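Asker: Below: sequence and its predicted model.
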Amino acid sequence: MDGLSGVKARFAFPSVSPYIWALFLIGEQVSMARKILIVDDEELLRSLLRTELEHLGFETHDVPGGPEALSYLADHEVDIVLLDIKMPEMGGLDVLQRIREDDLARKVIMLTGVGELKIARESLEMGASDFMSKPFEMSSLIACINRVLME
């Protein structure tokens, strides 16, 4: 059994990719005590992200839409918001605009579907820190989160 497998077995995190474990073990992981708000209307995606991020030491909270996100951010500080672009009731760009106007969070990573790259680029012009196209690998999202946190 190699060292990485031994660590995974000892801590029982079978769903975390070896890439993420490698980052964690060599000290590249900057998740400890970092708070992330997950905003997406897809409950399954929110649950998956919450589970994986909490396994890596992040504190998470998730909400299904823009109004709930703005309400949460009015009362809580977070390090990063993971924000879906396409949501019913209030789209991600509208939420991003309100986050920027009311100075509710400094770092926002937009989550976008295939074919929404023009909108994703627009979100960068509006002040988003970065964007990820769905579907994405968890290792890519973790790398993006770490990069944004280090900025």
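Answerer: Sure, I can see it.

Asker: roughly how far apart are the most centrally placed residue in the chain and Leu124?
Answerer: Here the mean C-alpha position of the chain is nearest to the C-alpha of Leu82 (C-alpha atoms, centre = their mean), at a distance of 3.9 Å. With distances taken as C-beta to C-beta, to the nearest Å, Leu82 is found 15 Å from Leu124. Placement of C-beta: from N, CA and C, glycine included.

Asker: Could you do Met150 as well?
Answerer: When C-beta to C-beta is applied, the distance between Met150 and Leu124 equals 18 Å.

Asker: quick one, which of these two is more surrounded?
Answerer: Between Met150 and Leu124, counted using other C-beta atoms under 10 Å, Leu124 has the larger neighbour count: 13 against 8.

Asker: Now name the helix or strand holding the more buried one.
Answerer: In this structure, Leu124 is located in helix 117-125 according to DSSP states H and E.

Asker: in that helix, what counts as buried?
Answerer: Going by neighbour count (16 or more other C-beta atoms under 10 Å), the buried part of helix 117-125 is Ile119, Ala120, Glu122, Ser123.
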